[in-house]
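Asker: sharing a model prediction with you, sequence too.
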2 protein chains.
Amino acid sequence: MASDDGATPRLGVLDELVGYHMRRASAVIATDFSRATAGTGMRQVLFGVLSIIEANPGINQGAVGRALGIQRANMVSLVNELDERGLIARRTASDDRRAFSLTLTPAGQRILADSLARLRQHEDDVLSNLSGTERATLILLLSRIEARSN
Amino acid sequence: MASDDGATPRLGVLDELVGYHMRRASAVIATDFSRATAGTGMRQVLFGVLSIIEANPGINQGAVGRALGIQRANMVSLVNELDERGLIARRTASDDRRAFSLTLTPAGQRILADSLARLRQHEDDVLSNLSGTERATLILLLSRIEARSN
DNA sequence: TATTGTTATACTCTATAACTATA
DNA sequence: TATAGTTATAGAGTATAACAATA
């Protein structure tokens, strides 16, 4: 009789590691993101890019990548996709002919707003185990870890 | 003059979403995992599998996958890799000839213990922004989210 | 020389469908 | 019929190196 005959096997040393729990909780939220935006073609990365562009109109793609931890090379296809879908506009930057100046199109603003509404509702649901204070604490603690990205 | 001329562009709506911060903090920790285990061939998934097997000797790979949220199909190459590297042993389960009974080899126990030591040290470092209580709170809150994986 | 965007490439992770052998 | 393991495959995400145009 194997030791996993109960419903849930033991986690072992995994259970003490913040990294493990981060990974699993992050996966739960990513799955929920997919559910929330199903059928819209939205993805976590794309939402991030759109949000940065909305908050910083005229930003170039290198800066977007740096803000989100995405490599220059990988930004190319993302920006292409958003452009082809008519969600962003790119114009050669007036002050630097190497760079593109990115802005949201009306369609881009709409899909960002729509996704945000869906995500807020879904996060309220997935995080219903947490009080408002706990949720704020969670964001605070995660931000402190993010600050360690050197 | 674009609005991103300052050092850090604004995050926009992203900043309110738990999902975003989870993603970024998770990435910081994953990068740190790689640093901690550099040169050992250890990866987050493999560490997870080894930990589950250690805590549940004789478990089969389907149950390992269920515990970690890994699909059956994707368990195959992971288990193959661990077997080929001599870190686990698989024997046909005595009570079910379809299944493999998995256990750690001495080498598997060693690499798990070694990785754990490295990871503890690294987590202490990446999480040095957090007090012991805060760290415990973080794990608690993450666990509550994990529980929502339905 | 350094930086912006680009191409090419490769590896990991993840997801699905279909198969086999056992139960 | 259902389950354990397997194969094949495809799509994301991520990482590196090298190039052209511009600064």
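Answerer: Looks like it arrived, so ask away.

Asker: only C-alpha atoms for contact and neighbour calcs from this point on.
Answerer: OK.

Asker: chain A: helices as residue ranges?
Answerer: Taking DSSP state H as the criterion, chain A contains helices spanning A:18-36, A:44-55, A:61-68, A:72-84, A:106-126, A:132-146.

Asker: list the buried ones in the fifth one?
Answerer: To tie it back to what came earlier, the one meant is helix A:106-126. Of the residues in helix A:106-126, A:108, A:109, A:111, A:112, A:115, A:116, A:119, A:122, A:123, A:126 count as buried by neighbour count, 16 or more other CA atoms under 10 Å in any protein chain shown.

Asker: same question for the second one.
Answerer: Counting neighbours by 16+ other CA under 10 Å, one finds that the buried residues in helix A:44-55 are A:46, A:47, A:48, A:49, A:50, A:51, A:52, A:53, A:54, A:55.

Asker: now those residues in JSON lines, with pLDDT?
Answerer: Formatted as JSON lines, these follow (pLDDT from 0 to 100):
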{"residue": "A:46", "pLDDT": "98"}
{"residue": "A:47", "pLDDT": "98"}
{"residue": "A:48", "pLDDT": "98"}
{"residue": "A:49", "pLDDT": "98"}
{"residue": "A:50", "pLDDT": "98"}
{"residue": "A:51", "pLDDT": "98"}
{"residue": "A:52", "pLDDT": "98"}
{"residue": "A:53", "pLDDT": "98"}
{"residue": "A:54", "pLDDT": "98"}
{"residue": "A:55", "pLDDT": "98"}
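
Asker: what residue is smack in the middle of chain A?
Answerer: residue A:44 (4.0 Å; CA atoms, centre = their mean).

Asker: surely it and residue A:33 touch.
Answerer: Yes - counting by CA atoms under 8 Å, residue A:44 touches residue A:33, with 7.3 Å between them.

Asker: OK, contacts around residue A:108?
Answerer: Residue A:108 makes contacts with A:50, A:86, A:87, A:88, as judged by CA atoms under 8 Å, 6 or more residues apart in numbering or on different chains.

Asker: now those: which count as buried?
Answerer: Buried among those by 16+ other CA under 10 Å: A:50, A:87, A:88.

Asker: state the distance from the residue nearest to residue A:12 when sequence neighbours are not counted to residue A:22.
Answerer: Of all residues not flanking residue A:12 in the chain, residue B:55 sits nearest, at 4.9 Å (CA to CA, 6 or more residues apart in numbering or on different chains). Using CA to CA, to the nearest Å, we find residue B:55 at a distance of 20 Å from residue A:22.

Asker: spatially, what comes nearest to residue A:122 if we skip its sequence neighbours?
Answerer: Residue A:122's closest residue in space is residue A:36 (CA to CA, 6+ apart), at 6.3 Å.

Asker: contacts made by stretch A:139-148 with the rest, please.
Answerer: Under CA under 8 Å, 6+ apart, the answer for stretch A:139-148 is B:18, B:21, B:22, B:24, B:25, B:28, B:126, B:127, B:129, B:130, B:134, B:138.
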